[in-house]
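**Student:** Here is a sequence together with a model predicted from it:
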Amino acid sequence: MIMAFLVSWSFDSIALISDTVSHTNFYDITPSRRWIRELKNIIIIPPKSESEADTFNIMSPGSIFYNVEGLTIASIHIVRLNPFGTSVTEPFYHYPGWSGRLGNAVHVNTTDFVIRNALLFKEGDAVDGIKLSYSERYLRSLAYIGDARISVVSVCENTVEVMVVVQDNLPYSASFDTNFDNRAHFSVTNKNIVGLGIETMAGAFIDTRKENMMGYQGMLRLSNIGRSLISAQADYIDRFENQRKGFNMNREFYSPTTKYAGHLSYYTVQTPVRYYEYRGGITPTTPVNIRYNQFETWLGRSFLLDNTRRYVQSKNIKISAGVHNIRYLNRPEESEMRYYRLQNRTTYLGALSFSQQSFYNASLIYNYGRTEDIPYGHLFTVIGGIENGERHNRPYFSTILSSGYFVPFVGYISGAVSCGAFFRNGPDQGVVNIEMDYFSNLYITGNLRQRTFIKGSYTSQLFNWLEDKLVIDDDYGIPGFRNDSILGRHRFNLSVEQNVFMPREIYGFRFVLYAFSYFSWLGGHYEPVTLDNLYSSFGIGLRVRNNRLVFNTLQVQFAYFPNIPKNSSFRHFSYSGEKVARPRDFMARAPEILPVY
């Protein structure tokens, strides 16, 4: 059940909170007396406190602004909270403890103009609930923002004032990993330099078995350049045989009212690849370094439909067109005859999409306590174009259908079906992919809160006679397992994970115990499903996360592999920094060829 609570305070209490919560940062403005009077009547609808039972807020976020739709925004007040000791749902509570006080002391709050530039509305605009709710969501998507809340106060018959409450993350992080033998990696990151939203990262690699022991990496990222919602990033990595240099610029369809989106990127890459000999069985060769240049660009236009029902689910038609070029500078001799991914090619694609999307607000799913935006709706995309390849010029066609909804008493279910193929004297080099994701409602046992996650996928290569076959590895099947000689044309993956959110936190760090099982089957075109081709792993682990830090989630797990073929590599014990998982959304993106491997 969505709870609403009345927040009221006097001028004296505002002054006290302003001094207590964030020194002089809690209010960056001197509120008018009208503002103070109206705040006594404001009703804020927050996400549920973490002590409550789990229910989704299935009301469209934009609908809470329905009663003030069309009124003029007279002013926008920015409230900036420090990372520790408070929250957007309880901004007047301030008890950071000694570690929080230390973190707040070294932190530089995001500047006022950076927050204002991230808003899809400005003073003088008419209130648009969709723009307000998607502004809140966009703020939460920024790496240096921990959480955000936007509320509206009516100050007279035709005007309102908007309050934007933003809580920062501590932007500094460092990472270190090693194999405790010959390799190590260290990096430092600042995701919000002096509060300007600029992100930098620098790192170093060491491998004592290499002739040149040192490698380096660096990254610079600018978000929302000139309030355009365009982000730009430059990358450099020189990690022994792996090298990557280039840049990208990107603008997504951030909201239903966003008209234009696009992308531009150029990279020069060197990386070792392993391919296979089939004489007397599948035998992986020694890695061979390849080098290539990659260029990609696309542009899209969105049209908002059925404006009267946009608070239920916004409907959009999107059209887009793009070009992708890859040119190899070094590769194994005649490899283009055997592997599609090693062919020079230029692809021209266009796409037509219909999307219908809104968001649930929830918590304790992928993050541990902060507001999460879970998309629901559906997306249907048709892609067509032509590939000018090194061996053939051939047309291409694909379709994608995805959908996701919350089912009462069951949980959240989403899925996607995609199929595509080239055409050359009939279908050529096609693929079918089916995916399903599910997580349960939050159920409570004593003081423990639990969720179940299930993920399944099926991939089938069709009319594919090249040697780009499907594999099982960290990304496609079983984490911690790899065998380069296990190849096939059909692959089925299933994973089940039980998460237990621990009730206590230590200095802001929250803990999740989990048990998991992974199953993966790989076979040929006409090969029956048998236990001989079924691979699996079972295990337990611990995840640690602090939502006020920009560190990846720390994960420690132990895995057991009951069916390990010869020449396999696997890790029983692993320690890693995991990025926060994000659910599938239903926004159209770049037109692209469906991956066939």
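**Tutor:** Cool, got the structure. It should be emphasised that the depicted structure is a prediction, and the values quoted were computed from it without experimental measurement.
**Student:** pLDDT score for Y311?
**Tutor:** At Y311, the model reports a pLDDT of 55.
**Student:** And for V21?
**Tutor:** On the pLDDT scale, V21 gets 37.
**Student:** Does M201 have any beta-bridge partners, and if so which?
**Tutor:** T189, M219 (DSSP bridges).
**Student:** Count the residues that sit near W465.
**Tutor:** W465 has 7 neighbours, counted by other CB atoms under 10 Å. Where you see a C-beta, it was placed from the backbone N, CA and C, and this is true even at glycine.
**Student:** so what's the backbone phi/psi at it?
**Tutor:** The phi and psi torsions at W465 (degrees, to the nearest 10) take the values phi -110, psi 0.
**Student:** For it, give its distance to I486.
**Tutor:** 20 Å (CB to CB, to the nearest Å).
**Student:** so G70, which of the three states?
**Tutor:** Under the three-state scheme (DSSP: H, G, I helix; E, B strand; the rest coil), G70 adopts coil.
**Student:** Now for it: which residues touch it?
**Tutor:** By CB atoms under 8 Å, 6 or more residues apart in numbering, G70 lies in contact with 126-127.
**Student:** Show the pLDDT at it.
**Tutor:** Looking at G70, the pLDDT reads 85.
**Student:** go on, the one 10 residues further on?
**Tutor:** Reading off the confidence values, R80 has pLDDT 91.
**Student:** wait, isn't it in contact with T110?
**Tutor:** Yes - contact status for R80 versus T110: in contact at 6.6 Å, counting by CB atoms under 8 Å.
**Student:** of the two, who's got more company?
**Tutor:** Taking other CB under 10 Å, R80 and T110 do not tie; T110 has more neighbours (25 against 21).
**Student:** Touching, that one and V194? I think so.
**Tutor:** No - taking contacts as CB under 8 Å, T110 lies outside contact range of V194: 9.8 Å.
**Student:** can you list residues touching both of R80 and T110?
**Tutor:** 166, 168.
**Student:** Could you list the buried residues of stretch 244-256?
**Tutor:** 244, 246, 248-256 (16 or more other CB atoms under 10 Å).
**Student:** again, but for stretch 134-150
**Tutor:** Buried, per 16+ other CB under 10 Å, within stretch 134-150: 134-140, 142, 144-150.
**Student:** Straight-line length of stretch 358-375, end to end?
**Tutor:** 6 Å (CA to CA, to the nearest Å).
**Student:** Give me the mean pLDDT for it.
**Tutor:** Per-residue scores along stretch 358-375 average to 77.
**Student:** Same question for stretch 409-419.
**Tutor:** Mean predicted confidence for stretch 409-419 is 93.
**Student:** buried ones in that stretch?
**Tutor:** Applying 16+ other CB under 10 Å to stretch 409-419 flags 411-416, 418-419 as buried.
**Student:** Where do the strands of the stretch 201-350 of the chain begin and end?
**Tutor:** 214-222, 231-239, 242-251, 260-273, 276-277, 283-284, 288-305, 314-330, 345-362 (DSSP state E, counting those that start in this stretch).
**Student:** Show me the protein divided up by domain.
**Tutor:** As assigned by automatic domain parsing, the chain contains the domains 5-168, 241-578.
**Student:** Make a markdown table from those and add distance to T208 to it.
**Tutor:** Listed next are the domains of the chain as a markdown table, based on distance: least, CB to CB, whole Å:
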| stretch | distance to T208 |
| --- | --- |
| domain 5-168 | 33 |
| domain 241-578 | 16 |
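**Student:** Go through those and name the closest to N179.
**Tutor:** domain 241-578 (10.3 Å; CB to CB).
**Student:** Phi, psi for D468 please.
**Tutor:** phi -80, psi 90.
**Student:** Tell me who's in contact with N425.
**Tutor:** By CB under 8 Å, 6+ apart, N425 has no neighbours at all.
**Student:** What's the separation between it and R394?
**Tutor:** 9 Å.
**Student:** How about P562?
**Tutor:** From P562 to R394 the distance is 44 Å (CB to CB).
**Student:** Between the two, point out the one with more neighbours.
**Tutor:** It is R394, of P562 and R394, that has more neighbours when counted by other CB under 10 Å, with 16 against 9.
**Student:** Show the contacting residues for the more buried one.
**Tutor:** Counting by CB under 8 Å, 6+ apart, R394 has contacts 386-387, 422-424, 428.
**Student:** Please convert the residues you listed to TSV, extending it with pLDDT.
**Tutor:** Shown next, in TSV, are these (pLDDT from 0 to 100):
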residue	pLDDT
I386	96
E387	95
F422	94
F423	93
R424	89
D428	88
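**Student:** Closest one to R209 out of these, please.
**Tutor:** Once CB to CB is applied, the member of the contacts of R394 that ends up nearest R209 is E387, at 40.9 Å.
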